[in-house]
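**Student:** Let me see the structure of the following:
(4 chains)
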Protein chains: 2
Amino acid sequence: MAEVRSVDTRERILDAAERLFMAHGYDGTSMRHITGEAGVNLAAVNYHFGSKESLMQEVFRRRLDWLNDERMRVLDALEAEAGDQAVKPSAIVDAFFGTLLRMADDETRGGMTFLRLLGRTLTEPSEFIRAFLAHEYKAVMDRYKEALFRALPEVPKAEIVWRFHFMLGATSYAIAGTDALRLVTDWQIEDEDSTDRLDRLVPRLMSFLLGGLRAPLPQFADAAGAG
Amino acid sequence: MAEVRSVDTRERILDAAERLFMAHGYDGTSMRHITGEAGVNLAAVNYHFGSKESLMQEVFRRRLDWLNDERMRVLDALEAEAGDQAVKPSAIVDAFFGTLLRMADDETRGGMTFLRLLGRTLTEPSEFIRAFLAHEYKAVMDRYKEALFRALPEVPKAEIVWRFHFMLGATSYAIAGTDALRLVTDWQIEDEDSTDRLDRLVPRLMSFLLGGLRAPLPQFADAAGAG
DNA sequence: AAATGATTCATACGTTCGTTTGAATCATAG
DNA sequence: CTATGATTCAAACGAACGTATGAATCATTT
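**Tutor:** Residues are numbered from 1 along each chain as shown, chains lettered A, B, ... in the order given. Reported below is the predicted structural model:
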């Protein structure tokens, strides 16, 4: 079996696809863009991956398998360390979002490119992508939800689930828009260079997420409670 | 001038485009989908709007003109009411995000469809869309940033800008994913029906946003301050 | 009623899309 | 060296894309 060439080609395709899907979206990226940038023949994608959809799935699987395994490992370690005590909310949030954000510095795992792709894709419309991500994420999301339920027993579960949702949004947006949103907001932060910005994004975002997670419970207009 | 027909056709196209762009994205929606769903001739889009890009811009302009004017009006009123006092952060946040979220109940202004379109588009890759939104949003963003600077004089401006960014993300995600993210997280909140969920989204999100905005400032690993 | 300008219509243009095909080329095994 | 299976290649497929065209139809004015 001559796997040397094919592995090279596969990875070149995956790298190019990751970058182009991030920059132009799924529908905005053609197979000819991908194969052109990867320096391989047009037919190589269908030969190695079967279809464009399968390629997209493989782009995510390559990174998410490690990320979600790592998230599980970190949470395992936290719970083992805590014994019969509850794990602190800040540790849970860091295990989920911090583990994600620290991928930005690891180019062997996609770095910022993959993070921004993931951030954008979570709000992308394509049905098959959402279905695929739902499947990939289900187990780890359930684990973390349960951990937060135990860590915050006084907060209604529905509220925790919503706030997890909000945290996901703030994070994915912060990642996806690290360059893009500069356009929308057009702010200038004069005293920080770009490397600075990334280093400080994690503590900044963590403060925000924890502040939101532990905010006072909302008061609803009607009488009923939240669960 | 026979404007009756053209106005009807224009609005039918805009309504269909708004819905389809929301559901399938810009690149994922064809002119034939739009004109088919609107029940008009294929050439009508180019006749009335010139191009697909111009149509997209008009879809947004139709809603954003009102939204951002309204945001300006509300902030004007708040500042007039406060006199030389500072406007409360919670009032500013409500003026910006609450005004947006309350569009969900106003079908004459696009309702949830437009909100979800906007939420998704803020992370979409197409260059011309981001450039257009940047232009449409610039004035109102500057006004609100300044208002938050005055409301939170003890918080570094860079930190406020970042947290505004995070709030935008949480909000746009909460909107865009009101249905979609159910797939990813697969949570079930048994005791709330869907109308309930929308009514309670606003106070829930507001609590989260304010908690994040007023969270303790992050501690950076190195010595330098944040601005 | 005739004329005019706005709008709608069917149809076609050239391009690009994802995918397929079958031959050519490669690396390895017998 | 030859056979074999894996991979690469150029080329083409039909379908769908955004856009343009010119005739037909409509509403309005003279």
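**Student:** Just give me the residue closest to the centre of chain A.
**Tutor:** By Cα atoms, centre = their mean, chain A has its centre lying nearest to residue A:118, at 4.9 Å.
**Student:** Can you list the low-confidence ranges for chain A?
**Tutor:** A:1-7, A:177-197, A:222-227 (pLDDT under 70).
**Student:** Same question for the longest helix anywhere in it: list its buried residues.
**Tutor:** Taking DSSP state H as the criterion, chain A has its longest helix at helix A:52-82. Within helix A:52-82, the residues scored as buried using 16 or more other Cβ atoms under 10 Å in any protein chain shown are A:52, A:55-60, A:62-64, A:67-68, A:70-72, A:74-75, A:78-79. The way it works is simple: take the backbone N, C-alpha and C, and place the C-beta from them, glycine included.
**Student:** Over to stretch A:214-221?
**Tutor:** Quick answer for stretch A:214-221 (16+ other Cβ under 10 Å): A:214, A:215, A:218.
**Student:** ok now do residue A:17, which residues does it touch?
**Tutor:** Counting by Cβ atoms under 8 Å, 6 or more residues apart in numbering or on different chains, residue A:17 touches A:29, A:34, A:38, A:55, A:56, A:59.
**Student:** cool, residue A:16 as well?
**Tutor:** Here residue A:16 is in contact with A:34, A:35, A:37, A:38 (criterion: Cβ under 8 Å, 6+ apart).
**Student:** again, only using 7 Å
**Tutor:** Contacts for residue A:16 were tallied using Cβ atoms under 7 Å, 6 or more residues apart in numbering or on different chains; they are A:34, A:37, A:38.
**Student:** Name the helix or strand for it, please.
**Tutor:** Secondary structure from DSSP states H and E places residue A:16 in helix A:3-24.
**Student:** between that helix and helix A:52-82, how many degrees?
**Tutor:** 90 degrees (axes from the mean of the first three to the mean of the last three Cα atoms, to 10 degrees).
**Student:** sorry, back to before: which secondary structure elements does the longest helix of chain A sit against?
**Tutor:** Contacts defined by 3 or more Cβ pairs under 7 Å, 6 or more residues apart in numbering or on different chains; DSSP states H and E place helix A:52-82 against helix A:3-24, helix A:44-49, helix A:99-101, helix A:127-151.
**Student:** Just after it, pick out the following helix or strand.
**Tutor:** Downstream of helix A:52-82, the next assigned helix or strand under DSSP H and E is helix A:89-93.
**Student:** can you list contacts of that following helix?
**Tutor:** By Cβ under 7 Å, 6+ apart, helix A:89-93 touches A:78, A:144, A:147, A:148, A:151, A:152, A:206, A:209, A:210, A:213, A:214.
**Student:** farthest pair in the residues you listed?
**Tutor:** Largest separation among the contacts of helix A:89-93 by Cβ to Cβ: A:78 and A:214, giving 18.0 Å.
**Student:** Next, give phi and psi for residue A:86.
**Tutor:** Backbone torsions of residue A:86, given as degrees, to the nearest 10, read phi -80, psi 140.
**Student:** circling back: run through the neighbouring helices and strands of the next helix-or-strand element following the helix holding residue A:16.
**Tutor:** Per DSSP H and E, the first helix or strand lying C-terminal to helix A:3-24 is helix A:31-38. When contacts are defined as 3+ Cβ pairs under 7 Å, 6+ apart, helix A:31-38 packs onto helix A:3-24, helix A:44-49.
**Student:** starting at the chain centroid, how far to helix A:31-38?
**Tutor:** The chain centre lies 25 Å from the centre of helix A:31-38; the measure is Cα atoms, centre = their mean, to the nearest Å.
**Student:** what angle sits between it and helix A:52-82?
**Tutor:** Using the same axes, to 10 degrees: helix A:31-38 against helix A:52-82 is 60 degrees.
**Student:** Mind listing residues that contact helix A:31-38?
**Tutor:** So helix A:31-38 is contacted by A:12, A:13, A:16, A:17, A:20, A:41, A:42, A:44, A:45, A:52 (Cβ under 7 Å, 6+ apart).
**Student:** JSON lines for those residues, including distance to residue A:161?
**Tutor:** What follows is the contacts of helix A:31-38, written out as JSON lines (distance: Cβ to Cβ, whole Å):
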{"residue": "A:12", "distance to residue A:161": "40"}
{"residue": "A:13", "distance to residue A:161": "37"}
{"residue": "A:16", "distance to residue A:161": "37"}
{"residue": "A:17", "distance to residue A:161": "33"}
{"residue": "A:20", "distance to residue A:161": "34"}
{"residue": "A:41", "distance to residue A:161": "47"}
{"residue": "A:42", "distance to residue A:161": "45"}
{"residue": "A:44", "distance to residue A:161": "43"}
{"residue": "A:45", "distance to residue A:161": "38"}
{"residue": "A:52", "distance to residue A:161": "34"}
